[in-house]
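# any chance you can model this:
(2 chains)
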There are 2 protein chains.
Amino acid sequence: MIVDCHGHYTTAPQALWDWRKRQVSEKKISEKELKVSDDEIRHSLESNQLKLQRERGSDVTFFSPRAGSMEHHVGDAAISAQWSRVQNDLIKRVCMLYPDNFAPVCMLPQSPGVSPANCIDELRRCADMGFIGCNLNPDPSGGWWKEVPLTDKWWYPVYEKMVELDLPAMVHVSSSCNPAFHFTGAHYINADTTAFMQLIQGDLFRDFPRLKFVIPHGGGAVPYHWGRYRGLAQDMKKPLLNEHLLKNVYFDTCVYHQPGIDLLLKVIPVDNILFASEMVGAVRGIDPETGQYYDDTKRYIDASSLSASDKKKIYEGNARKVYSRWRI
Amino acid sequence: MIVDCHGHYTTAPQALWDWRKRQVSEKKISEKELKVSDDEIRHSLESNQLKLQRERGSDVTFFSPRAGSMEHHVGDAAISAQWSRVQNDLIKRVCMLYPDNFAPVCMLPQSPGVSPANCIDELRRCADMGFIGCNLNPDPSGGWWKEVPLTDKWWYPVYEKMVELDLPAMVHVSSSCNPAFHFTGAHYINADTTAFMQLIQGDLFRDFPRLKFVIPHGGGAVPYHWGRYRGLAQDMKKPLLNEHLLKNVYFDTCVYHQPGIDLLLKVIPVDNILFASEMVGAVRGIDPETGQYYDDTKRYIDASSLSASDKKKIYEGNARKVYSRWRI
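As a prediction, the model looks like this:
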């Protein structure tokens, strides 16, 4: 079985984005005013994610709201809470319509400067609905990086609930309001790198030995600079990274060319890598060098020199281990 | 000949840092109050950079003030201008004492929100003293990223002067005041990635076909995500990256493990790679996996499968091409 642990509902029906526009401008709009039929949901997926799953040979996608649309920086915590409910409810409907193809991952109602304790209710609500993980945004300000590092006790309330509910988090920022950072080309990758470095500096998993993080986009710059990170940890008198972080931190395979995937597979232990493509996502074109879609990451894994049993870990086994609430 | 294009004076005599402390606290202090003897300079280098050059077999280092100490965010433009003169003068003295071992690269008197036109005088002064390049900080705010992208016309005055003087710039941030970003583990790498993505989004080299940028630290995350960047450029209807950027943009080899260097050499054209180690710098330990210093990057290039003529380009030829004012 091929499990893609990183997919967003980038093709959600226009009615969702229209409702959001009204929510932001009018401030008061009922969730009931969002009208999306089951057929509209089917239509939004059949010629996109479902078609690509079939064509590329993946079976199930762990599916969350469009990352760029989480927009934790827009409005206040109440706006964010309502938007999270709306988006997560829609994800739930997708997964009920296609229980074999999608498993639900939620966004959280974060808001800049607001304690992440405000995410607990939504996290519990989603767990009750069968969600298997969440996306945690290390920078709810949207590119201004005003929050304390992920290792700060400020974040602990949401970690406690994640552990209690056995929900892993993918550490994933949303869109960037900072003109310096292109969102998918800089902000996403920087956030992955930044989060990992924060984890090196701290001792978070001493306090939360059962907390699980997935760093998306192949871990940002981390595997490419693995020597730098091992060396920095060493200079800081931290344990070896295997011991310090790799019992709790995982990387996905959203790296869109063969040499990048080969590096990832060479450097990061196979037990810490989860298959993902983030389709339909950041890069939608066909690579003229290969004639294949850049984000068809399964081709790169298949073409790698890993053993069949290692590939099975990446395609399925590790996902079952990390997203342990997921059962099919 | 082995040319290391990326070294900072991280081991400068304590008197320099003491003077800086007084400059920041007292605001008014004469440059003449900095007393550093030639012997102190020799002492600061003999058992550090010079010893490592000998041990590792590199011949000359392009040498600039300690990146983390540029601190463009501290004080105002006048403070920054004086600090730049002091630091650059000291670099010049180093290079006069050891003309075979070091060639001078200057810092610029940038200041947050101040037009980079204020760098022109110092750039000209340094060129007159024989400097061969400069370090340009895309984020003088020190981790808050308040400046417009490098492709904005706001930066053009300094580019015009760089082109006129035939001085390339290494795009290099300074220390981070933002607790989210560890400086050498996140801020540096993020800045490299961010700068490259800004260049993809813009058309800077249409306006400045002779402008030359070196992206340090192996290009941040860029080579690892080369497929992503090629794909994003394609989605944006930009030319192929070779055409769009690689006539003007170069990467150094500050990547501290063999698989990372192997990826860099595989993905980026050999004509765009300049040897560098950034020693003595971010990572100072010995890699337990190899028994060698992490930042002894020459070992990785030597061990790569490149041809002798390609290695010669990386070690010397490309440096001569990019830093064309340098003559030995």
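# going by C-alpha atoms from here, please, whenever you check contacts or count neighbours.
Noted.
# helices along the stretch 201-328 of chain A, start to end?
A:204-207, A:226-235, A:241-244, A:258-267, A:297-303, A:308-312, A:318-322 (DSSP state H, counting those that start in this stretch).
# what comes up buried for the third one?
Residues of helix A:241-244 classed as buried by neighbour count (16 or more other CA atoms under 10 Å in any protein chain shown): A:241, A:244.
# just the CA trace of that helix, in CSV.
Output in CSV follows, covering the C-alpha atoms of helix A:241-244 (Å, rounded to 0.1, in the frame of the first residue of the first chain):
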residue,chain,number,x,y,z
LEU,A,241,20.9,13.7,16.3
ASN,A,242,19.7,10.1,16.1
GLU,A,243,19.4,10.2,19.9
HIS,A,244,18.4,13.8,20.3
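# columns mean pLDDT and distance to residue B:54 on top of the helices of the stretch 201-328 of chain A, output as JSON lines?
Shown next, in JSON lines, are the helices of the stretch 201-328 of chain A (pLDDT from 0 to 100; distance: least, CA to CA, whole Å):
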{"stretch": "helix A:204-207", "mean pLDDT": "98", "distance to residue B:54": "42"}
{"stretch": "helix A:226-235", "mean pLDDT": "98", "distance to residue B:54": "23"}
{"stretch": "helix A:241-244", "mean pLDDT": "97", "distance to residue B:54": "32"}
{"stretch": "helix A:258-267", "mean pLDDT": "98", "distance to residue B:54": "31"}
{"stretch": "helix A:297-303", "mean pLDDT": "98", "distance to residue B:54": "42"}
{"stretch": "helix A:308-312", "mean pLDDT": "98", "distance to residue B:54": "44"}
{"stretch": "helix A:318-322", "mean pLDDT": "98", "distance to residue B:54": "47"}
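# columns distance to residue B:13 on top of the ones you listed, output as CSV?
Listed next are the helices of the stretch 201-328 of chain A as CSV, based on distance: least, CA to CA, whole Å:
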stretch, distance to residue B:13
helix A:204-207, 37
helix A:226-235, 22
helix A:241-244, 34
helix A:258-267, 38
helix A:297-303, 50
helix A:308-312, 52
helix A:318-322, 50
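# which of those helices sits closest to residue A:284?
Nearest to residue A:284 among these is helix A:297-303 (12.2 Å), distances taken as CA to CA.
# alpha carbons of that closest one, in PDB - could you do that?
Extracted in PDB, the C-alpha atoms of helix A:297-303 (Å, rounded to 0.1, in the frame of the first residue of the first chain):
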ATOM      1  CA  THR A 297       7.800  11.700  -6.100                       C
ATOM      2  CA  LYS A 298       6.900   8.100  -6.200                       C
ATOM      3  CA  ARG A 299       9.000   7.700  -9.400                       C
ATOM      4  CA  TYR A 300      12.100   8.900  -7.500                       C
ATOM      5  CA  ILE A 301      11.600   6.500  -4.600                       C
ATOM      6  CA  ASP A 302      10.900   3.700  -7.000                       C
ATOM      7  CA  ALA A 303      14.100   4.500  -9.000                       C
END
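# strands along the stretch 151-300 of chain A, start to end?
Ranges of strands within the stretch 151-300 of chain A are A:169-171, A:213-215, A:249-252, A:273-274, A:286-287, A:292-293, based on DSSP state E, counting those that start in this stretch.
# is any part of the second one close to chain B?
No - residues of strand A:213-215 contacting chain B under CA under 8 Å from any CA of the partner chain: none, with a closest distance of 14.2 Å.
# sheet-wise, list the partners of that strand with their directions.
strand A:169-171 (parallel), strand A:249-252 (parallel) (DSSP bridges).
# now that strand: average pLDDT?
For strand A:213-215, mean pLDDT rounds to 98.
# who's in contact with that strand?
A:168-172, A:192, A:196, A:248-252 (CA atoms under 8 Å, 6 or more residues apart in numbering or on different chains).
# mean neighbour count added to the strands of the stretch 151-300 of chain A, as TSV?
TSV is the format used below for the strands of the stretch 151-300 of chain A (neighbours: other CA atoms under 10 Å in any protein chain shown):
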stretch	mean neighbour count
strand A:169-171	24
strand A:213-215	26
strand A:249-252	26
strand A:273-274	28
strand A:286-287	18
strand A:292-293	15
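# can I get those strands in a markdown table with distance to residue B:48?
Shown next, in a markdown table, are the strands of the stretch 151-300 of chain A (distance: least, CA to CA, whole Å):
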| stretch | distance to residue B:48 |
| --- | --- |
| strand A:169-171 | 40 |
| strand A:213-215 | 37 |
| strand A:249-252 | 36 |
| strand A:273-274 | 39 |
| strand A:286-287 | 46 |
| strand A:292-293 | 49 |
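# buried stuff in stretch A:258-268?
Buried residues in stretch A:258-268 (16+ other CA under 10 Å): A:258-265, A:267-268.
# and the residue most central in space within chain A, what is it in contact with?
Compute the mean C-alpha point of chain A, and by CA atoms, centre = their mean the closest residue is residue A:170, 4.0 Å away. For residue A:170, the contact set (CA under 8 Å, 6+ apart) comprises A:133-136, A:213-216.
# how near is it to chain B?
Distance of residue A:170 to chain B, given as CA to the nearest CA, to the nearest Å: 18 Å.
# next one: residue A:221
In terms of CA to the nearest CA, residue A:221 sits 4 Å off from chain B.
# the residue nearest to that residue when sequence neighbours are not counted - how many residues pack around it?
Excluding its sequence neighbours, the residue lying closest to residue A:221 (CA to CA, 6 or more residues apart in numbering or on different chains) is residue B:221, at 4.3 Å. If you count neighbours by other CA atoms under 10 Å in any protein chain shown, residue B:221 ends up with 28.
# try residue A:269
Residue A:269: 13 neighbours (other CA under 10 Å).
# tell me how far it lies from residue A:1.
Residue A:269 sits 21 Å away from residue A:1, going by CA to CA, to the nearest Å.
# quick one on the thing from earlier: relative to residue B:296, which of the contacts of residue A:170 is nearest.
Out of the contacts of residue A:170, the member with the shortest distance to residue B:296 (by CA to CA) is residue A:215, at 28.7 Å.
# does residue A:131 count as helix, strand or coil?
coil (DSSP: H, G, I helix; E, B strand; the rest coil).
# how about it, what does it touch?
A:92, A:103-106, A:325.
# among those, which are located in strands?
Using DSSP state E, A:103-106 are the members of the contacts of residue A:131 that sit in strands.
# want to throw the residues you listed into CSV with pLDDT?
CSV is the format used below for the ones in strands among the contacts of residue A:131 (pLDDT from 0 to 100):
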residue, pLDDT
A:103, 98
A:104, 98
A:105, 98
A:106, 98
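# most surrounded residue in those?
Going by other CA under 10 Å, residue A:105 tops the ones in strands among the contacts of residue A:131 with 32 neighbours.
# phi, psi for the closest residue to residue A:171 other than its chain neighbours please.
With sequence-adjacent residues excluded and distances taken as CA to CA, 6+ apart, residue A:171 is closest to residue A:136, at 4.9 Å. When read as degrees, to the nearest 10, the backbone of residue A:136 gives phi -110, psi 130.
# report pLDDT for the nearest residue to residue A:33 once chain neighbours are set aside.
Nearest non-adjacent residue to residue A:33, counting by CA to CA, 6+ apart: residue A:19, 7.6 Å away. The score at residue A:19 is 98. That number is its pLDDT.
# and residue A:281, how far from residue A:294?
11 Å.
# out of these two, which sits in the more crowded spot?
Higher neighbour count among residue A:281 and residue A:294: residue A:294, with 28 against 17, using other CA under 10 Å.
# just checking, that one touches residue A:260?
No - Residue A:294 lies out of contact with residue A:260 (CA atoms under 8 Å); the separation is 11.8 Å.
# which residues touch the residue lying closest to residue A:67 once chain neighbours are set aside?
Spatial nearest neighbour of residue A:67, excluding adjacent residues (CA to CA, 6+ apart): residue A:174 at 5.1 Å. For residue A:174, the contact set (CA under 8 Å, 6+ apart) comprises A:67-72, A:137, A:140, A:142, A:183, A:188.
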